[in-house]
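*Asks:* My questions concern the predicted model and sequence given below.
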Amino acid sequence: MHKKIVEAALFMSSKPMELNQLAKITGLNSLGYLKEVLTELENDYKDRGMQIVKTPMGWEMQVNQEILPKVAHLTPYSNLSEGCKRTLALVVYKEPVKQSEVIKIQGNKAYSYIKTLIKMGLIKTYKEGHTKVLKLTQEFERYFGEEKARIKEQLDSELKK
């Protein structure tokens with residue numbers, strides 16, 4: 001029964017779940033046993049369209065990386081606001097781009113968009129002089145199911161239309 005609850009929780013959750021969250025949902029006091037359940041689920045999902053994976057932010061169910069490029073277009077990326085999408089498009093197009101340049105183009109609201117994108121792990125920042133520089137992460141490629149170079153090509157072709 002615990003395995004079914006963990007599987008359902010990972011399926012329903014829109015973000016990775018930490019062990020303590022899963023323990024609370026299942027009522028399990030043994031994190032060791034919970035890890036065994038997660039390992040069993042990982043094995044159950046091998047060679048399937050979905051997989052159970054441990055990420056730096058916790059455990060999650062996601063589309064198998066091998067087939068993600070074939071199905072990624074089916075999701076509208078609904079958890080990204082229009083502002084976040086515009087900010088992300090700027091970063092893709094101009095990477096690496098100074099935060100100050102993004103703010104100049106989008107205005108002060110871009111600070112919150114950048115913060116959201118960092119929290120989601122889609123971009124990262126590093127300090128350069130008095131500003132921060134924004135870059136895409138590996139998570140960006142996983143999220144969209146495409147290499148960033150390919151996404152930039154698509155963006156370039158859209159802008160030329």
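*Replies:* The structure has been received and is ready for your questions. Residues are numbered from 1 along each chain as shown.

*Asks:* Can you name the residues that contact residue 152?
*Replies:* Residues in contact with residue 152, defined by Cβ atoms under 8 Å, 6 or more residues apart in numbering, are 92, 93, 95. Bear in mind the C-beta positions are built from the backbone N, C-alpha and C, glycine included.

*Asks:* What helix or strand is the second one located in?
*Replies:* Assessed by DSSP states H and E, residue 93 sits inside helix 82-94.

*Asks:* nearest spatial neighbour of the residue nearest the centre of the chain, skipping sequence neighbours?
*Replies:* For the chain, residue 143 is the residue whose C-alpha lies nearest the centre (Cα atoms, centre = their mean; 4.7 Å). Excluding its sequence neighbours, the residue lying closest to residue 143 (Cβ to Cβ, 6 or more residues apart in numbering) is residue 122, at 6.2 Å.

*Asks:* pretty sure the one you found contacts residue 139?
*Replies:* Yes - between residue 122 and residue 139 there is a contact under Cβ atoms under 8 Å: 5.8 Å.

*Asks:* Which one's more surrounded, these two?
*Replies:* residue 122 (22 against 16; other Cβ atoms under 10 Å).

*Asks:* Pull the distance from the helix holding residue 93 to the chain's centre.
*Replies:* In terms of Cα atoms, centre = their mean, to the nearest Å, the centre of helix 82-94 is found 15 Å from the chain centre.

*Asks:* tell me which strands and helices it is in contact with?
*Replies:* helix 99-106, helix 110-119, strand 131-136, helix 148-160 (3 or more Cβ pairs under 8 Å, 6 or more residues apart in numbering; DSSP states H and E).
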